[in-house]
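structure for the following, please:
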Amino acid sequence: MVTDAVKAHDPLKTASLYVYAKGSYANNTDVRRDSDVDIVAECQACNYYDYMPSQEPTTTVGTPYEGEWTPAKLRSEVTTALNNAFGSSAVDSSGKLALVVAAVPGSRPSIDVVPSFDYFLYSDPQRKSSCRGSCVWPRTGSTKIVNWPDQQLANGHAKNQRTGQRYKNYVRALKNAENVLVKAGTIKAKPSYLMECLVWNVADSTLKSGTLDDGFRATLVELWQGLADEGNYDDWTEPNDIKYLFRSGQKWSRDDAKEIVLETWRYLAY
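So this is what the prediction gives:
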């Protein structure tokens, strides 16, 4: 539906849009209580890039983009396309990043549409090696946010295969536990992606240990030990294996992670 919406909007035809699903829906880690679908509308008419530390070239490489597709224009035109397709009353464009298309019971879930741009992170000055991602600018502000959906998808699939499907089962279990605990007033809501990130950092051998119940309890134990003051949490990454989980710029903290792990353990103990 989003693809059809942007294709029908003539001003977007020069943006070379690539429309795809990302997040828990695409990665098959969604749960019923968190049923929205994340869709990226990625402009590939131009791309943004950065270099790894100390890898910046000493001379200019490439040609600066001089076209029309700024972050503000892309957001504006994608908003218009969604308004045309779904009706302006169904589209909320007031959020920081996503344009939210309201759910229709029995027809479609809530859709978060993120206008983004093609992005490269180069690991050498000659641009011979890079990681390809996607970047988005908040509705207000000038600092881009970089995501790595392809890496997340591939790494999650591989870990799920290595662990006999337990990786994604345990991600969903931890998300469901968080929903139950929030509903009970035991904890405040946490970003659902945090639960996927936590299970990603558990050893495959731990996830596969014993019965399903044994493996999940062992997962919680390993997470708790890793989150301790002397634990190895500082080196943990997101499932894309590029961004660190608890370093600067994240919307969660180690205390958030410790709380969900501890309260899930207590919930299972009752």
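
what residues sit buried inside stretch 160-174?
Neighbour-count burial for stretch 160-174 flags 160, 163, 166-174 (criterion: 16 or more other Cβ atoms under 10 Å). Where you see a C-beta, it was placed from the backbone N, CA and C, and this is true even at glycine.

er, stretch 171-190 I mean
For stretch 171-190, burial by neighbour count (16+ other Cβ under 10 Å) applies to 171-179, 181-182, 187, 190.

stretch 134-151 too?
134-137, 139, 146-149, 151.

possible to save the buried residues of stretch 171-190 as TSV with pLDDT?
Output for the buried residues of stretch 171-190, formatted as TSV (pLDDT from 0 to 100):
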residue	pLDDT
171	96
172	94
173	96
174	96
175	94
176	94
177	96
178	96
179	94
181	97
182	96
187	97
190	94
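
okay, and which of these map to strands?
Using DSSP state E, the subset of the buried residues of stretch 171-190 located in strands is empty.

would you reformat these as a markdown table and include distance to residue 28?
A markdown table is the format used below for the buried residues of stretch 171-190 (distance: Cβ to Cβ, whole Å):
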| residue | distance to residue 28 |
| --- | --- |
| 171 | 9 |
| 172 | 9 |
| 173 | 14 |
| 174 | 15 |
| 175 | 12 |
| 176 | 15 |
| 177 | 18 |
| 178 | 18 |
| 179 | 17 |
| 181 | 23 |
| 182 | 22 |
| 187 | 25 |
| 190 | 20 |
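
looking at the buried residues of stretch 134-151, which is nearest residue 216?
residue 151 (25.6 Å; Cβ to Cβ).

from residue 44, how far out is the closest one?
18 Å (Cβ to Cβ, to the nearest Å).

on that earlier part again, export the buried residues of stretch 160-174 as TSV, with columns for distance to residue 255.
Below are the buried residues of stretch 160-174 laid out as TSV (distance: Cβ to Cβ, whole Å):
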residue	distance to residue 255
160	28
163	28
166	27
167	25
168	26
169	26
170	22
171	21
172	23
173	22
174	17
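
which SSE is the residue located most distally from the centre of the chain in?
What lies farthest from the middle of the chain is residue 59; by Cα atoms, centre = their mean that is 34.1 Å. According to DSSP states H and E, residue 59 maps onto no helix or strand at all.

so what's it up against?
By Cβ atoms under 8 Å, 6 or more residues apart in numbering, the contact set of residue 59 is empty.

how near is it to residue 51?
Separation of residue 59 from residue 51 (Cβ to Cβ): 13 Å.

could you look up the SS state of the residue lying closest to residue 23 once chain neighbours are set aside?
Using Cβ to Cβ, 6 or more residues apart in numbering and skipping residues adjacent in sequence, the residue nearest residue 23 is residue 38, 3.6 Å away. Using DSSP: H, G, I helix; E, B strand; the rest coil, the structure places residue 38 in strand.

just the one 3 residues further on next, same as before
Taking three-state DSSP as the rule, one finds residue 41 in the strand state.

show me the beta-bridge partners of it.
residue 19, residue 115 (DSSP bridges).

now do the strands in the stretch 101-250 of the chain.
Using DSSP state E, counting those that start in this stretch, the strands found in the stretch 101-250 of the chain span residues 111-122, 130-136, 145-147.

the longest one: which residues count as buried?
Put plainly, it is strand 111-122. The neighbour-count check on strand 111-122 (16+ other Cβ under 10 Å) flags 111-119, 121-122 as buried.

domains in the chain, by residue range?
Split into domains by automatic domain parsing, the chain comes to 2-147, 152-269.

tell me which element the nearest residue to residue 24 once chain neighbours are set aside is part of?
Using Cβ to Cβ, 6+ apart and skipping residues adjacent in sequence, the residue nearest residue 24 is residue 30, 4.0 Å away. Following DSSP H and E, there is no helix or strand that holds residue 30.

contacting residues for residue 30?
23-24, 172.

of the residues you listed, closest to residue 238?
Using Cβ to Cβ, the contacts of residue 30 come closest to residue 238 at residue 23, 12.1 Å.

that closest one contacts residue 196, doesn't it?
No: if you go by Cβ atoms under 8 Å, residue 23 and residue 196 don't touch, sitting 9.2 Å apart.
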